[in-house]
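Colleague: next comes the sequence, and after it the predicted model I'd like to discuss.
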Amino acid sequence: MKVGLTGFPGAGKTTVFNALTGLHAEGAGSGLNLGVIKVPDARVDALARIYEPRKTTYAEVSFVDFPPARSAPERRTVLDAVTVGQLRDADALVEVVRGFPDLAGAPPTPAADLESFAAELVLADLAVIEKRLERLRKEKGHERERALLERLVPSLETGTPLRTLGLAPEERTLLAGFAFLSLRPLLVVLNVPETAAAAPLPGEVAARARAEGAEAMALSARLEAEIAELEPADRDAFLADLSLSESARARFIRASYALLDLVSFLTVGEDECRAWPIRRGTTAVKAAGKVHSDIERGFIRAEVIAYEDFVRLGSEARCREAGKLRLEGKDYVVQDGDIIHFRFAV
Ligand SMILES: Nc1nc2c(ncn2[C@@H]2O[C@H](COP(=O)(O)OP(=O)(O)OP(=O)(O)O)[C@@H](O)[C@H]2O)c(=O)[nH]1
Ligand SMILES: [Mg+2]
């Protein structure tokens, strides 16, 4: 599962990538920048305080920052064929939008940028559909696919991203192979100057993002880069000085995690306390397979305690007494924050 950083040239994608991953990728490099970020999780911290395990492991999200697009920035087109191909490979998109004056001092135009970037994604999808329909019209069969694609064309022609159409799960399945960009979950990140880091997201940007079916937040990539360089002990004081309650990094990472439709189940013990990322809707037997393929194969049952019950009651024994330890079978749908012991036999 990975999140692709996208947006117009010079919006600050590489700066955001570096600030969030703590890496020092070169903006001008020709390769992809790949970074893995641990997802901050207060539940894992709390469990680690109780179990004092040898190892504490957080869930992770991968980010990819693409090399600058080839086309000239003044043409304001970013999606050449190579970039489109790279973006289709990402499971969710973060669009970085410039919220600071450009090098020439021109003020930012984030709402307009959002709109024109959305048009780029829509056009890329429309091109794919038209090509496919051309094929389908010459062939027999594929009626359902053809009808669906034909229904999408007018929406795309009026600039409507596919993610706003409320497509049914069967329709999404039918479309999965196309990897449509305007159907990908989208998080808009307005990259604001350091002085605006504590300001709320401007209303017009929030409204525009909502119209595109996207989540949105503001952060100052430069400030986050500075915070990332501080000793953890100094961070809180620094954030308090700026009237920030937490670093935007934590909010950003959680938002990205949710964007991928990931939830975490938890495992505990003296060896390790750990958060495991799974797609929402994953069954117990498949979740077991994340831990080890033997546990999936030999799955007997899952012993589940909800995190809230555990912290309220304080121990596994008390949860058992209070009837808060549930025995679940293979098809149980694992919930965010489930603490699970898998029983298995090989
Ligand atoms: N003033 C100011 N400049 C910034 C900020 N964030 C990034 N920049 C500058 O904007 C320029 C572009 O930033 P990058 O992070 O390279 O932008 P990018 O989106 O990766 O650009 P490409 O990869 O070329 O498409 C750099 O000179 C940055 O130093 C900011 O918050 N304020
Ligand atoms: Mg870059």
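Modeller: Everything's here; your move. Ligands and ions are numbered 1, 2, ... in the order given.
Colleague: quick one: Asn33 from Ser247, how far?
Modeller: Distance of Asn33 to Ser247, given as Cβ to Cβ, to the nearest Å: 21 Å. C-beta: built from backbone N, CA, C; applies to glycine.
Colleague: go on, Thr15?
Modeller: 15 Å.
Colleague: okay, those two: which has more neighbours?
Modeller: Ser247 (23 against 20; other Cβ atoms under 10 Å).
Colleague: what's the neighbour count on the closest residue to the more buried one other than its chain neighbours?
Modeller: In this structure, Ser247 finds its nearest non-sequential neighbour in Ile227, 5.3 Å apart by Cβ to Cβ, 6 or more residues apart in numbering. As a burial measure, Ile227 scores 20 neighbours (other Cβ under 10 Å).
Colleague: helices of the stretch 201-346 of the chain, start to end?
Modeller: 203-211, 221-229, 232-241, 248-259, 284-291, 293-297, 307-313, 316-321 (DSSP state H, counting those that start in this stretch).
Colleague: ok, and the closest non-adjacent residue to the residue of the stretch 151-300 of the chain at minimum distance from ligand 1?
Modeller: Closest approach between the stretch 151-300 of the chain and ligand 1, counting by Cβ to the nearest ligand atom: Arg222, at 4.5 Å. Distances taken as Cβ to Cβ, 6+ apart put Glu194 closest to Arg222, at 5.6 Å, once the chain neighbours are dropped.
Colleague: and that neighbour, what is it in contact with?
Modeller: 220, 222-223 (Cβ atoms under 8 Å, 6 or more residues apart in numbering).
Colleague: nearest to ligand 2 among these?
Modeller: Ranked by distance to ligand 2 (Cβ to the ion), the contacts of Glu194 are led by Arg222 at 14.4 Å.
Colleague: ok, that closest one touching Val16?
Modeller: No. Distance between Arg222 and Val16: 9.7 Å, which falls outside the contact criterion (Cβ atoms under 8 Å).
Colleague: so the two - more neighbours on which side?
Modeller: Val16 (27 against 18).
Colleague: dihedrals phi and psi, that one?
Modeller: When read as degrees, to the nearest 10, the backbone of Val16 gives phi -60, psi -50.
Colleague: pLDDT score assigned to it?
Modeller: Here, the pLDDT recorded for Val16 equals 91.
Colleague: mind listing what it touches?
Modeller: 5, 94, 96, 189, 191, 219, 221, 224.
Colleague: contacting residues for Ile305?
Modeller: Counting by Cβ under 8 Å, 6+ apart, Ile305 has contacts 316, 319, 324-326, 338-339.
Colleague: of those, which is the nearest to ligand 2?
Modeller: Asp338 (38.8 Å).
Colleague: who does that closest one form a beta bridge with?
Modeller: Ala306 (DSSP bridges).
Colleague: wait, it touches Phe265, no?
Modeller: Yes. Look at Asp338 against Phe265 with Cβ under 8 Å: they come within range, at 4.7 Å.
Colleague: helix or strand for Leu47, which one?
Modeller: Taking DSSP states H and E as the criterion, Leu47 maps to helix 42-51.
Colleague: tell me the buried residues in the helix or strand following that helix?
Modeller: Remark: after helix 42-51, the chain's next helix or strand is strand 55-57, criterion DSSP H and E. The neighbour-count check on strand 55-57 (16 or more other Cβ atoms under 10 Å) flags Thr56 as buried.
Colleague: strand 55-57 packs against which elements?
Modeller: helix 42-51, strand 272-279 (3 or more Cβ pairs under 8 Å, 6 or more residues apart in numbering; DSSP states H and E).
Colleague: nearest to Leu136, of these?
Modeller: Leu136 sits nearest to strand 272-279 of all those, at 30.3 Å, using Cβ to Cβ.
Colleague: after the lengthiest helix in the chain comes which helix or strand?
Modeller: Longest helix in the chain, counting residues (DSSP state H): helix 110-138. Moving toward the C-terminus from helix 110-138, the next helix or strand (DSSP H and E) is helix 143-157.
Colleague: what's the local residue count around Val291?
Modeller: 16.
Colleague: circling back: now tabulate the helices of the stretch 201-346 of the chain in TSV and tack on mean pLDDT.
Modeller: Shown next, in TSV, are the helices of the stretch 201-346 of the chain (pLDDT from 0 to 100):
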stretch	mean pLDDT
helix 203-211	97
helix 221-229	87
helix 232-241	83
helix 248-259	88
helix 284-291	97
helix 293-297	97
helix 307-313	95
helix 316-321	95
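Colleague: mind putting the ones you listed into CSV with distance to Ile50?
Modeller: Below are the helices of the stretch 201-346 of the chain laid out as CSV (distance: least, Cβ to Cβ, whole Å):
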stretch, distance to Ile50
helix 203-211, 39
helix 221-229, 29
helix 232-241, 21
helix 248-259, 22
helix 284-291, 20
helix 293-297, 23
helix 307-313, 9
helix 316-321, 10
